[in-house]
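A.B. asks: Show me the folded form of this:
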Amino acid sequence: MKFLAVMGHEESRPKVRALFKEHQVMMFSSFDIMGCNCESHGAEQHSWWPTDAMPGAYSSLCFAILDDEKADAIMLELEKNPIAVEKDFPARAFLMNVEKTV
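C.D. replies: Numbering: from 1, shown residues only. Below is the predicted model of the structure:
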């Protein structure tokens, strides 16, 4: 079994859901996250932002626990056809083995 997580802009969530559905995978959960860019060098500073870090991007993380074959198929599909709202920032997928569930 595998743990597959796909993180992208919040607008990409429907596309991730559609991809899971296409491969007959039940999404375990999804949630909103706030990503951050903590690199301060070379980045434009904003006077209204309360820290020295750049403003983050609103993202979503969708995940499922699924069979190896389906996980491999989804990863291959994401390599061929990245899910992206902005082409320079495609969704990122993380695939891990599930050792044990309780």
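
A.B. asks: got the contact list for residue 70?
C.D. replies: Contact analysis of residue 70 by CB atoms under 8 Å, 6 or more residues apart in numbering lists 23, 24, 25. (C-beta placed from N, C-alpha, C; glycine too.)

A.B. asks: Then residue 1?
C.D. replies: Shown in contact with residue 1 (CB under 8 Å, 6+ apart): 65, 66, 67, 68, 97, 98, 101.

A.B. asks: Can you flag the buried ones in the contacts of residue 70?
C.D. replies: The neighbour count (16 or more other CB atoms under 10 Å) marks 23, 25 as buried among the contacts of residue 70.

A.B. asks: Dump the contacts of residue 70 to a markdown table, plus distance to residue 93, pLDDT and secondary structure.
C.D. replies: Output for these, formatted as a markdown table (distance: CB to CB, whole Å; pLDDT from 0 to 100; DSSP: H, G, I helix; E, B strand; the rest coil):
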| residue | distance to residue 93 | pLDDT | secondary structure |
| --- | --- | --- | --- |
| 23 | 13 | 96 | coil |
| 24 | 18 | 96 | coil |
| 25 | 13 | 95 | coil |
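
A.B. asks: Mind putting the contacts of residue 70 into TSV with distance to residue 3?
C.D. replies: Converted to TSV, the contacts of residue 70 look like this (distance: CB to CB, whole Å):
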residue	distance to residue 3
23	15
24	17
25	12
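
A.B. asks: pretty sure residue 72 is in a strand, no?
C.D. replies: No. Under DSSP: H, G, I helix; E, B strand; the rest coil, residue 72 sits outside any strand and is assigned helix.

A.B. asks: which of the contacts of residue 1 tops the neighbour count?
C.D. replies: Ranked by neighbour count (other CB atoms under 10 Å), the contacts of residue 1 have residue 66 at the top, with 24 neighbours.

A.B. asks: Run through the bridge partners of that one.
C.D. replies: With DSSP bridges as the criterion, residue 66 is bridged to residue 2.

A.B. asks: dump the residue contacts of it.
C.D. replies: 1, 2, 4, 25, 74.

A.B. asks: Try it again at 7 Å.
C.D. replies: The contact partners of residue 66, taken as CB atoms under 7 Å, 6 or more residues apart in numbering, are 2, 4, 25.

A.B. asks: Just the C-alphas of the strand or helix carrying the second one, formatted as CSV.
C.D. replies: Taking DSSP states H and E as the definition, residue 4 sits inside strand 2-9. Output in CSV follows, covering the C-alpha atoms of strand 2-9 (Å, rounded to 0.1, in the frame of the first residue of the first chain):
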residue,chain,number,x,y,z
LYS,A,2,1.0,3.6,-0.7
PHE,A,3,0.3,7.0,0.8
LEU,A,4,-0.1,9.5,-2.1
ALA,A,5,-0.3,13.2,-1.3
VAL,A,6,-0.7,15.9,-4.0
MET,A,7,-0.1,19.6,-3.0
GLY,A,8,-0.9,22.5,-5.3
HIS,A,9,-2.7,25.8,-5.5
